[in-house]
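# Structural data only, the sequence is not supplied:
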């Protein structure tokens, strides 16, 4: 679709149509639009067939993401879920900008048209660069000294030994974080794994 018909009702269906419209008009990269549409569909379809009629302006986004995470944590990795969440939120941000002013919508909220922006051009919009700064911090964290770590052997299976390197003064809070991290690495348990573990 190349026109804005059906994009302004503020529903899940309207958001999908908006993303198609933005891509076809060149307001959004087509690959980005496709990725956003996929994320929107996955996050909203947990509400069943009625997801297309959901009023996004009344939606509790944090609650929707929490429900999606709980319902789909066995289907997707934790990283995939975070990616879907990020794309869903970005799609909503762009859509609400469009709904606020459809006539002058441009991806990035029209910041390029301000006087300050025209005097100080930027190769990338903040909305695009912010996630990159979070994922790739400018100052890498130095690994701790080996003198501060203790290596603990851990029998994962009968024939497989793993080794954990942890601080000598590991706190209870840090131990909980490590446990949650290890749990996030687990793959879906198969029947053979259950038998082998004796559960």
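Looks like it came in fine. Predicted model only: the values in this text are computed from it and were never measured. Numbers count the residues shown, from 1 in each chain.
# State the distance from residue 45 to residue 151.
45 Å (CB to CB, to the nearest Å). C-beta coordinates here come from the backbone N, C-alpha and C atoms, glycine included.
# scratch that, residue 49 is what I was asking about
53 Å.
# Give the residue from residue 45 and residue 151 that has the larger number of neighbours.
residue 45 (14 against 9; other CB atoms under 10 Å).
# Pull the contacting residues for the more buried one.
residue 51 (CB atoms under 8 Å, 6 or more residues apart in numbering).
# Spell out, range by range, the helices that occur in the protein.
12-24, 30-44, 61-72, 78-100, 115-119, 126-135, 172-184, 191-197 (DSSP state H).
# most tightly surrounded among those?
helix 12-24 (a mean of 22; mean count of other CB atoms under 10 Å).
# how many degrees apart are that helix and helix 30-44 in direction?
Calculated by axes from the mean of the first three to the mean of the last three CA atoms, to 10 degrees, helix 12-24 forms an angle of 170 degrees with helix 30-44.
# shaky segments in the protein?
1-3, 106-147, 187-199 (pLDDT under 70).
# 80 instead, please
1-5, 105-152, 154, 156-165, 168, 180-199 (pLDDT under 80).
# Could you chop it up by domain?
When the chain is parsed with automatic domain parsing, its domains come out as 12-135, 146-197.
# Isn't residue 57 up against residue 11?
No - between residue 57 and residue 11 there is no contact under CB atoms under 8 Å: 9.2 Å.
# quick one, which of the two is more surrounded?
Using other CB under 10 Å as the criterion, residue 57 and residue 11 rank with residue 11 on top: 20 against 11.
# Pull the contacting residues for the nearest residue to that one once chain neighbours are set aside.
Excluding its sequence neighbours, the residue lying closest to residue 11 (CB to CB, 6 or more residues apart in numbering) is residue 53, at 5.6 Å. Contacts were defined as CB under 8 Å, 6+ apart; by that measure residue 53 touches 11, 12, 13.
# In terms of distance to residue 77, which of the residues you listed ranks first?
Taking CB to CB as the measure, residue 77 sits nearest to residue 12 out of those, at 24.6 Å.
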